[in-house]
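K.L.:
let's see this in three dimensions:
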Amino acid sequence: MLKSRDLPVFLIFLFLSLCFWFLNALRRDYLTTIDIPVVYSRFPDDVMSAPDVKRSVSVVVKAEGFQLLKYKGFNYFDPVDINVDHLLPYKRGKEFGVFFVPKHYVRLFQQQLVGGPEFQEILSDTVFIPFLPKLTRKLPVKPYLKLTFEKQYMMSGAPVIMPDSVVVSGYFETVDTMRWVSTRLLESRNVKDSLDFQLDVVIPRDVVCDVRNVKVVIPVEAFTEKSMQVQVHALHLPDNYQFKSFPSTVRVNFLVGMSRFNQIQPSDFSATVDCHESQGLSANKLKVRIEKMPQGIYNMSYSPIFVDYLIEKDRY
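P.N.:
Model (predicted):
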């Protein structure tokens with residue numbers, strides 16, 4: 001029986017013995033099966049291969065264990081390119097496509113083994129490549145943003161995306177349901193300067209996009225509060241009548257970027273009341289609505305919301 005102090009020595013010798021046995025075994029020749037990857041190219045413009053199409057061919061080879069370890073363990077092969085244009089068509093019910101017999105392409109698979117294992121035979125039988133309808137569309141890009149800003153800082157305009165649209169191609173059922181292409185998430189906190197990033201586009205599996213990333217520019221600047229008096233105008237005023245509101249203006253308050261502070265004028269707004277509403281009110285008040293406002297302003301409010309009014313016929 002081994003003593004406890006002899007156990008580590010025994011385990012070391014056992015490990016070394018296994019290593020020598022394994023190295024000796026790798027020097028022998030073996031017959032085995034390896035899978036050589038296959039890619040398909042030059043499809044018709046309106047179709048693409050089904051997702052479950054066979055993408056490898058099984059080949060029997062003879063080689064030393066060292067060689068097989070490299071070829072089987074590290075995916076050593078380059079894929080064999082099969083030109084779909086040169087294949088024969090088939091149709092089974094609603095399924096259609098092309099097929100090829102790997103044994104007719106022995107030379108292509110033997111070329112993958114030059115300087116390596118000795119080719120014996122191809123095991124794979126006929127490979128069918130079903131076609132599925134393909135759709136190509138141009139879709140807008142929408143940035144996926146999670147931003148928080150420093151106090152008194154905001155976006156001063158819509159994000160600029162270059163390019164603002166991309167071309168995608170893929171299975172009809174997938175691409176037909178897509179309405180836009182999103183970017184990966186851009187998350188940033190306490191932003192107070194404009195941002196300029198290259199963002200990867202996110203597309204579904206088996207969909208191809210003509211670009212991998214887009215440039216996204218997010219304008220950011222300091223905002224300040226501004227207010228102004230805007231004249232109230234009447235809609236649907238009968239002919240030969242005059243309208244007066246009390247007060248005649250409303251005060252509009254909003255936030256605007258510093259660069260546009262002096263550009264915003266009262267004429268950029270339209271404050272209106274609808275004279276048709278006067279018939280249904282017991283009190284002489286009409287609701288004011290802001291029908292027009294400039295872009296790039298935020299948190300707009302106005303007062304008063306209701307105004308007294310007087311409608312009288314012209315005396316002349």
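K.L.:
output the below-cut-off pLDDT ranges for the stretch 151-300 of the chain.
P.N.:
Counting by pLDDT under 70, the ranges of the stretch 151-300 of the chain that qualify are 279-283.
K.L.:
mind listing the helices for the stretch 151-300 of the chain?
P.N.:
Assigned by DSSP state H, counting those that start in this stretch, the stretch 151-300 of the chain shows helices spanning 172-175.
K.L.:
check contacts around Arg189.
P.N.:
Residues in contact with Arg189 (Cβ atoms under 8 Å, 6 or more residues apart in numbering) are 147-148. C-beta here means a position set from N, CA and C on the backbone, and glycine is covered the same way.
K.L.:
7 Å - rerun?
P.N.:
Contacts for Arg189 (Cβ atoms under 7 Å, 6 or more residues apart in numbering) come out as Thr148.
K.L.:
again with Ile297
P.N.:
254-256, 264.
K.L.:
before we move on, what about Gln120?
P.N.:
31, 60-62.
K.L.:
repeat that with 8 Å
P.N.:
Counting by Cβ under 8 Å, 6+ apart, Gln120 touches 31, 59-62.
K.L.:
just Phe96 next, same as before
P.N.:
89-90, 130-131 are the contacts of Phe96 under Cβ under 8 Å, 6+ apart.
K.L.:
now do the strands in the stretch 151-300 of the chain.
P.N.:
Per DSSP state E, counting those that start in this stretch, the stretch 151-300 of the chain carries strands over the ranges 153-155, 160-162, 165-171, 181-191, 195-202, 208-209, 213-218, 220-235, 241-246, 249-257, 270-274, 285-287, 289-292, 297-303.
K.L.:
in its sheet, what does the longest one sit against?
P.N.:
Think strand 220-235. According to DSSP bridges, strand 220-235 has the following sheet partners: strand 153-155 (antiparallel), strand 249-257 (antiparallel), strand 270-274 (parallel).
K.L.:
and the strands of the stretch 151-300 of the chain: which comes nearest Thr126?
P.N.:
strand 165-171 (24.2 Å; Cβ to Cβ).
K.L.:
how about that closest one: buried residues?
P.N.:
165-166, 168-171 (16 or more other Cβ atoms under 10 Å).
K.L.:
again with stretch 253-264
P.N.:
By neighbour count with 16+ other Cβ under 10 Å, stretch 253-264 contains the buried residues 254, 256-257, 260, 264.
K.L.:
could I get these as CSV with distance to Gly296?
P.N.:
Shown next, in CSV, are the buried residues of stretch 253-264 (distance: Cβ to Cβ, whole Å):
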residue, distance to Gly296
Phe254, 10
Val256, 7
Gly257, 7
Arg260, 6
Ile264, 9
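K.L.:
out of the residues you listed, which is nearest to Asp196?
P.N.:
Nearest to Asp196 among the buried residues of stretch 253-264, with distances taken as Cβ to Cβ, is Gly257, at 17.8 Å.
K.L.:
contacts only, for the closest one.
P.N.:
154, 156, 221-223, 296.
K.L.:
filter the residues you listed down to the buried ones, PyMOL style.
P.N.:
To isolate in PyMOL the members of the contacts of Gly257 that are buried, counting by 16+ other Cβ under 10 Å, one can use:
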select buried, resi 154+156+221+223+296
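K.L.:
sorry, back to before: out of the contacts of Phe96, who's the most crowded?
P.N.:
Neighbour counts for the contacts of Phe96 peak at Phe131, which has 19 neighbours (criterion: other Cβ atoms under 10 Å).
K.L.:
next one: that one relative to Gln152, how far apart?
P.N.:
59 Å (Cβ to Cβ, to the nearest Å).
K.L.:
one more: Ser58?
P.N.:
Ser58 sits 68 Å away from Gln152, going by Cβ to Cβ.
K.L.:
now do Phe128
P.N.:
Relative to Gln152, Phe128 is positioned 65 Å away (Cβ to Cβ).
K.L.:
with adjacent residues omitted, what lies nearest to the residue nearest to the spatial centre of the chain?
P.N.:
Residue closest to the mean C-alpha point of the chain, counted by Cα atoms, centre = their mean, is Val202 at 2.7 Å. In space, and not counting its chain neighbours, Val202 is closest to Ser182: 5.1 Å by Cβ to Cβ, 6 or more residues apart in numbering.
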